[in-house]
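1. Predicted model, plus sequence, below.
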Amino acid sequence: MNKLTFRTDNCKGCGLCVDVCPKKVLALAEDVINKKGHHPVTAVHPELCIACAFCATMCPDCIIEVEKGE
Amino acid sequence: MIVFKKPHALSDVPLHYCPGCTHGIVHRLVAEVIDELGIEGKTVGIAPVGCSVMAYNYFECDMIEAAHGRAPAVATGVKRANPDNIVFTYQGDGDLASIGTAETVHSAARNENITVIFINNAIYGMTGGQMAPTSLPGQVTQTSPYGRDVNLCGYPVKICEMLSELDGPEYLERVTVNSVKQIKNAKRAIKKAFQNQIDGKGFSLVEVISSCPTNWGMTPQAALKWIDEKMIPYYPLGVYKDRSAEKKEDKQ
């Protein structure tokens, strides 16, 4: 399975990754507040991820690491 | 297999930019290019004054902080003293197109062998959203609350078009980073600008049309759309000068 890793504390909750994801894997965690005081991004449907890395390409803060499974 | 991870040349320091600001994307692209060309150990970056004033915290290579607008002059000195180093400047529109226009134009005219990354977001970001030389006609800013009046304030400065009239510069291109496709294109342009310097070809400038959600008063998503709707019609993307490509055409 493809794996997404987030450096959650650096997320500013801009949501650019959420919009660009073609499979709607990501969402902002409305019930979580990180160190910076933002709602960080989280993978709500990690099983749908196709490891296209569009989210990581779009992320201005470079918090996403994408690993493609076997 | 890791498909995407933070480039080595980008440090772990959290960026201070506003949420959704595309400065972070361009920082990453520069770091990726430094990684791919394997030049981190001999690269010297010149940080400007403006939002990206603290760029020296974000790159793992050596960085110098220049006086406002003087980054190309500092880069000229570093490159001439240490020709083996790879020297790039990272400047915003208030730095490069306003107070530093003279340094920009003359380093281009002299065809200094440096790489310039120019972030054009049509506003002064750090000082709170005042009108910049690159603000669009009719654009509402802190200092033009009724929209930029061209009769009073004149017209925006188009750096790529202006420099393309000079015989000096090697490579001028305008790109944007408002979609994945455009980000990949921007990376290609930035890589070419660094490669030109390694090959000793001369002055390469990449203008990146960037967003400023905070001072444009928009969400990050709306700001990226605004780039497509307003910025790109006024600042058309493309290659404005590429002397090595012109030489190839001449030979054919």
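-> Received the coordinates, thanks.

2. Could you pull up the residues touching residue 23?
-> Since you didn't name a chain, this refers to chain A. Contacts for residue A:23 (CB atoms under 8 Å, 6 or more residues apart in numbering or on different chains) come out as A:45, A:48-50. From N, CA and C alone the C-beta is placed, and that goes for glycine too.

3. wait, chain B
-> Counting by CB under 8 Å, 6+ apart, the residues that residue B:23 touches are A:60, B:15, B:17, B:51-52, B:119, B:210.

4. Mind putting those into TSV with pLDDT and distance to residue A:13?
-> Output for the contacts of residue B:23, formatted as TSV (pLDDT from 0 to 100; distance: CB to CB, whole Å):
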residue	pLDDT	distance to residue A:13
A:60	95	11
B:15	95	14
B:17	95	13
B:51	93	19
B:52	93	22
B:119	96	23
B:210	96	20
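
5. can you pick the most crowded of the contacts of residue A:23?
-> Highest neighbour count within these: residue A:49, with 22 neighbours (other CB atoms under 10 Å in any protein chain shown).

6. correct me, but that one touches residue A:43?
-> Yes. The pair residue A:49 and residue A:43 passes the contact test of CB atoms under 8 Å, sitting 7.0 Å apart.

7. between those two, what contacts are shared?
-> With CB under 8 Å, 6+ apart applied, the overlap between the contact sets of residue A:49 and residue A:43 consists of A:4, A:25.

8. which residues does residue A:64 bridge with?
-> Counting by DSSP bridges, residue A:64 forms beta bridges with residue A:6.

9. quick one: it from residue B:213, how far?
-> 19 Å (CB to CB, to the nearest Å).

10. Neighbours of the closest residue in space to residue A:16 that isn't next to it in sequence, how many?
-> The shortest distance from residue A:16 to any non-neighbouring residue, by CB to CB, 6 or more residues apart in numbering or on different chains, is to residue A:58 (4.8 Å). Burial of residue A:58 is recorded as 23 neighbouring residues (other CB under 10 Å).
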